[in-house]
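A.B. asks: A structural model of the following input is requested.
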Amino acid sequence: MPGELNPLSCLDETARQLENFVAIGIALSAEKDRNRLLEAIITEARRITNADAGTLYLVEEDHLKIKIIQNESMNTFLGGKGEEINIPPVPITHEYVSGYVAATSKSVNIPDVYEAEGFDFSGPRKYDSMTGYRTTSMLVIPLRNHYEEVIGVLQLINALDEHKKVIPFDPGYQTVIEALSSLAAIALTNMQLIQEIENLFESFVQVMVTAIDARTPYNATHTQKVTLYAQILAEEINNNNKDGPFAGVFFDKDRIKQLTMAAWLHDIGKITTPLEVMNKATRLDAHLNIVLIRLDYAMQRVAGDSLKRQLALWREGRDSEAREEEEKLQEKLARLREARELIIKADNPGTFIDRELSGKLEAIASITYVDEAGETVPLLDTEELGSLTIPKGTLTDAERKIMEDHVVVTERMLAKMPFTRQMAPVPLFACMHHEHLDGKGYPYHLHDTEIPLEARILAIADIFDALTASDRPYKKGMPPDKALQIMGYMVKDGKLDSELMELFARGKLWEKISVPVT
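C.D. replies: Alright, predicted model coming up:
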């Protein structure tokens, strides 16, 4: 009969609405970008209710912060790209409708705000007077998380009929939007929880790095600088990816996050490196005092024994032999004083140990004296001689192996950390920052294309800071131009990526970080 509702038609409409609602829920849960999620929430709510405008608030401490504003009539769409909306936050009090909804967790449906009582609508009225807009109907819905806590408020303004005439919001739509708000709150809460977990993980990583840096007064800003250099170099690649060697190469947000996390973790294995190795400022380091005390003792023993012999010779009237003994003593003492000065010189890491100096040190090691127990003791033992004859730096081969093992320890430690799928490549990149293109790096001795771009970036960042750092115990920091010269030799030797070095040097990327290069 005319005018009667068709049950099948109603059923089809219900099924269509349900299908749309399910699709919306799936879309909201699949969205990974927070700003797009917030925008989708209000866009879908406006579409369902045919609302002309809307505002999405999120709870921050004791107030509501506006995150998204949409107004079709005024062609105003703000917040979708995460930009700050310069409107004062709304206090969570019963005075304001959105504050009331946040405080009570109850929805509010107002046919006409100009006739409503109990709320302060001075804000909408001021907006209307400034723009010529007319705020009439309003539907305000709380967004509740799984703890039934209000995390936000959705405010829809001016429902429109098919003729674009403002009408009150249908109470039936209120139920639908409340259901949508629940889905939206779940999606938003899940995203916030994931972000909190990521923040916790990143904080844990930085705590670990801080603990490592705190073990030694040296190297204090190394990890921070390596991270900054790596990030800036990746961004420089993005700026030069139209053509040339990096054509088509792009570091998106996730890839940069992988790179910087690998940079933060690249030295985490040093937590097991002995401090006497990591802090070794000179070739003998603290052991120098022991060697010098031994030398002083040897001088006293030589002088004491000689004086006894001289006294005996004088008493026996053997004057010429006594004087010869005195001359021998002065020669021995002069030799020991010379040995003392040479050892101090060789201990300095700034001294290059060539063959001539190494031979003199070996001669000193062959000098012996007799201790109080009657034992013949060398001035330098084998280990001390080995340390003093290191050509460059302060570490022996064994100590250098210990330092290099920090990469292996890093690999073992990171293997036990539950990285997300997004961050899965991080351990690999972090463990490869000492690999060289010629296959002579460590720990895997990889060649050329076997080394990922991220690891090549970390290698350049790590070496540049190692050369320019002023807080290393074994050397003075180089000026950037000198460091680039040395790294240029490494490029020629096939160790570093030439295209990356060109980008790094040409852009003077070290000048773009906040931590000064000294």
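A.B. asks: Mind listing what's buried along stretch 409-424?
C.D. replies: Judged by neighbour count using 16 or more other Cβ atoms under 10 Å, the buried positions of stretch 409-424 are 409-411, 413-414, 423. Bear in mind the C-beta positions are built from the backbone N, C-alpha and C, glycine included.
A.B. asks: actually stretch 371-386, not the one I typed
C.D. replies: Neighbour counts over stretch 371-386 (16+ other Cβ under 10 Å) mark 378-380, 384-385 as buried.
A.B. asks: Which of the buried residues of stretch 409-424 sits closest to residue 308?
C.D. replies: residue 409 (55.8 Å; Cβ to Cβ).
A.B. asks: Please report how far the closest one lies from residue 276.
C.D. replies: Between residue 409 and residue 276 the computed distance is 17 Å (Cβ to Cβ, to the nearest Å).
A.B. asks: One more: residue 130?
C.D. replies: 71 Å.
A.B. asks: which of those two has more neighbours?
C.D. replies: residue 276 (12 against 8; other Cβ atoms under 10 Å).
A.B. asks: got the contact list for residue 66?
C.D. replies: Counting by Cβ atoms under 8 Å, 6 or more residues apart in numbering, residue 66 makes contact with 55-57, 79, 85, 87, 89-90.
A.B. asks: try residue 490
C.D. replies: By Cβ under 8 Å, 6+ apart, the contact set of residue 490 is 436, 463, 496.
A.B. asks: Model confidence for residue 56, exactly?
C.D. replies: pLDDT, residue 56: 92.
A.B. asks: can you pull up the bridge partners for it?
C.D. replies: Beta-bridge partners of residue 56, counted by DSSP bridges, are residue 68, residue 154.
A.B. asks: Residue 109 against residue 168, yeah?
C.D. replies: Yes. Using Cβ atoms under 8 Å, residue 109 is in contact with residue 168, at 7.4 Å.
A.B. asks: Between these two, tell me which one has more neighbours.
C.D. replies: Higher neighbour count among residue 109 and residue 168: residue 109, with 18 against 15, using other Cβ under 10 Å.
A.B. asks: The helix or strand the more buried one falls within pairs with which strands, parallel or anti?
C.D. replies: Using DSSP states H and E, residue 109 maps to strand 108-110. If you go by DSSP bridges, strand 108-110 pairs up with strand 138-144 (antiparallel).
A.B. asks: Compute the number of surrounding residues for residue 478.
C.D. replies: 18.
A.B. asks: give me every residue that touches it.
C.D. replies: Here residue 478 is in contact with 467-468, 486 (criterion: Cβ under 8 Å, 6+ apart).
A.B. asks: Residues in a beta bridge with residue 110, which ones?
C.D. replies: Beta-bridge partners of residue 110, as defined by DSSP bridges: residue 138.
A.B. asks: Pretty sure it sits against residue 117.
C.D. replies: No. With contact defined as Cβ under 8 Å, residue 110 does not count as touching residue 117 (10.0 Å).
A.B. asks: Give me the more crowded residue out of the two.
C.D. replies: residue 110 (21 against 5).
A.B. asks: Could you measure from that one over to residue 116?
C.D. replies: In terms of Cβ to Cβ, residue 110 sits 5 Å off from residue 116.
A.B. asks: Could you do residue 54 as well?
C.D. replies: 18 Å.
A.B. asks: Name the residue in those two with the higher neighbour count.
C.D. replies: More crowded of residue 54 and residue 116, by other Cβ under 10 Å: residue 54, with 23 against 13.
A.B. asks: before we move on, the earlier item: closest one of the contacts of residue 478 to residue 211?
C.D. replies: Taking Cβ to Cβ as the measure, residue 211 sits nearest to residue 468 out of the contacts of residue 478, at 24.4 Å.
A.B. asks: For that closest one, give me the pLDDT.
C.D. replies: If you check residue 468, the pLDDT there is 90.
A.B. asks: close enough to count as contact, it and residue 510?
C.D. replies: Yes. Look at residue 468 against residue 510 with Cβ under 8 Å: they come within range, at 7.3 Å.
A.B. asks: Settle it for me: which of the two has more neighbours?
C.D. replies: residue 510 (22 against 19).
A.B. asks: what sits against the more buried one?
C.D. replies: 229, 464, 468, 480, 517 are the contacts of residue 510 under Cβ under 8 Å, 6+ apart.
A.B. asks: quick one: secondary structure of it?
C.D. replies: Of the three states, residue 510 takes helix under DSSP: H, G, I helix; E, B strand; the rest coil.
A.B. asks: Quick check, pLDDT for it.
C.D. replies: Looking at residue 510, its pLDDT reads 92.
A.B. asks: I'd like the distance from it to residue 221, if you could.
C.D. replies: 13 Å.
A.B. asks: buried set for stretch 222-235?
C.D. replies: Neighbour-count burial for stretch 222-235 [16+ other Cβ under 10 Å]: 222-234.
A.B. asks: Let me know the closest of those residues to residue 328.
C.D. replies: Once Cβ to Cβ is applied, the member of these that ends up nearest residue 328 is residue 222, at 53.1 Å.
A.B. asks: quick one: contacts for the closest one?
C.D. replies: Residues near residue 222 by Cβ under 8 Å, 6+ apart: 213, 267, 465-466, 469.
A.B. asks: Looking at those residues, which two lie furthest apart in space?
C.D. replies: Using Cβ to Cβ, the two most remote members of the contacts of residue 222 are 213 and 466, lying 14.7 Å apart.
A.B. asks: For burial, what's the neighbour tally of residue 158?
C.D. replies: Based on other Cβ under 10 Å, the number of other residues close to residue 158 is 28.
A.B. asks: and it, helix, strand or coil?
C.D. replies: Residue 158 - assigned by three-state DSSP - is strand.
A.B. asks: so who does it touch?
C.D. replies: Contacts here follow Cβ under 8 Å, 6+ apart; on that basis residue 158 touches 51-53, 134-138, 166.
A.B. asks: can you tell me which of the contacts of residue 478 are in helices?
C.D. replies: Of these, the ones assigned to helices by DSSP state H are 467-468, 486.
A.B. asks: Run a quick neighbour tally on residue 277.
C.D. replies: So residue 277, with other Cβ under 10 Å, has 19 neighbours.
A.B. asks: Helices of the stretch 201-350 of the chain, start to end?
C.D. replies: 222-239, 253-265, 275-278, 287-315, 319-347 (DSSP state H, counting those that start in this stretch).
A.B. asks: Export those as TSV, with columns for mean pLDDT and distance to residue 418.
C.D. replies: Listed next are the helices of the stretch 201-350 of the chain as TSV, based on pLDDT from 0 to 100; distance: least, Cβ to Cβ, whole Å:
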stretch	mean pLDDT	distance to residue 418
helix 222-239	94	22
helix 253-265	94	14
helix 275-278	85	28
helix 287-315	92	43
helix 319-347	93	46
